[in-house]
Each structure stands twice: as structure tokens, then as C-alpha cells.
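> sequence first, then the predicted structure, then my questions.
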Amino acid sequence: QVQLVESGGGLVQAGGSLRLSCAASGRTFSVYSTAWFRQAPGNEREFVTTITWSSGSTYYADSVKGRFTISRDNAKNTVYLQMNSLKPEDTAVYYCAASRSLFTLTEGEYDYWGQGTQVTVSS
């Protein structure tokens, strides 16, 4: 099993920045990629970005490309999401997810999930 704990959410004004963290514990050697998803009130959960642990390959949703950056610290078993130029439409609960074998945008293909952290962007 792998446990994921997100932190770093909060309230920020439009145009501001936040950095989210996702700390992994347990059988972390089994994780191939880690992603961020988000869910706004009344909406389905959507893919934001993902990164592989070995090569650091990344992929971003068009809605965040150029504003968000995902990175990882292998020594700390932690993935980060740097969010810049935040917009009110970025308001959501942000979830960290890990896959044992895939580099994917598909929610159902992730094996482990964190509890989520709230990000609120005021206009």
C-alpha cells in the first residue's frame, strides 16, 4: 500500500501563487507516476498534471499549461505542484494520486489517492 498526504492548500487572490505538496509513504518503490486532479463544486474530478518518478516526464492539462509546474523530490518521496497566476476557476479540492504502472490522464487508472486539499482563489 501507498499512503498520500496533500498539504499547502489555502485562500489566495487571483494572480497569486500556491505550492501544493504530496508526501508518499509505504511501498513508494512501487509507484510509477503521480498526478494531481481537482474537483470543483458541482463538477466532475478532472486531470491537472502528472509526472513519472524515474525520468521526470510530465504532462499538463491545457487549462493549466504555462501556469502550473509539477516536480518531484525522490529523496523525500514528495511531489509538488507550483501554481502561479491563479484564477478563480482554479478553485477546487486538489487530489494527489499514484499509479503503479501507468503514465496516464485517466482517473480510474490511478491506484492510490490522497484526501485532498482545498484551494480557493478569490477575484
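Great, that's in hand. Remember, predicted model here, so these are calculated numbers, not experimental data. Residues are numbered from 1 along each chain as shown.
> centroid-nearest residue for this protein?
Among the residues of the chain, the smallest C-alpha distance to the mean C-alpha position (C-alpha atoms, centre = their mean) belongs to Trp36, namely 2.3 Å.
> what about that one, distance to Ser123?
Distance check for Trp36 against Ser123: by C-beta to C-beta, to the nearest Å, it reads 23 Å. In this view, the C-beta of every residue, glycine as well, is placed from N, C-alpha and C.
> circling back to that earlier point, for the residue nearest to the centre of the chain, give me its contacts.
Leu20, Cys22, Val48, Thr49, Thr50, Ile70, Val79, Leu81, Tyr94, Tyr95, Cys96, Ala97 (C-beta atoms under 8 Å, 6 or more residues apart in numbering).
> so in terms of bridging, what pairs with it?
When bridges are taken as DSSP bridges, the partners of Trp36 come out as Thr49, Cys96.
> could you say which helix or strand holds Glu6?
With elements taken from DSSP states H and E, the one containing Glu6 is strand 2-7.
> list the pairing partners of the next helix or strand after that strand within its sheet, with orientation.
Beyond strand 2-7 in the direction of the C-terminus, DSSP H and E gives the next helix or strand as strand 10-13. Sheet pairing for strand 10-13, assigned by DSSP bridges, gives strand 117-122 (parallel).
> buried stuff in the partner strand?
For strand 117-122, the neighbour count (16 or more other C-beta atoms under 10 Å) marks Thr117, Val119, Val121 as buried.
> re earlier: switch the contacts of Trp36 over to JSON lines; also include neighbour count and pLDDT.
Below are the contacts of Trp36 laid out as JSON lines (neighbours: other C-beta atoms under 10 Å; pLDDT from 0 to 100):
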{"residue": "Leu20", "neighbour count": "22", "pLDDT": "98"}
{"residue": "Cys22", "neighbour count": "26", "pLDDT": "98"}
{"residue": "Val48", "neighbour count": "24", "pLDDT": "98"}
{"residue": "Thr49", "neighbour count": "21", "pLDDT": "98"}
{"residue": "Thr50", "neighbour count": "25", "pLDDT": "97"}
{"residue": "Ile70", "neighbour count": "22", "pLDDT": "98"}
{"residue": "Val79", "neighbour count": "28", "pLDDT": "97"}
{"residue": "Leu81", "neighbour count": "26", "pLDDT": "98"}
{"residue": "Tyr94", "neighbour count": "23", "pLDDT": "98"}
{"residue": "Tyr95", "neighbour count": "22", "pLDDT": "98"}
{"residue": "Cys96", "neighbour count": "27", "pLDDT": "98"}
{"residue": "Ala97", "neighbour count": "22", "pLDDT": "97"}
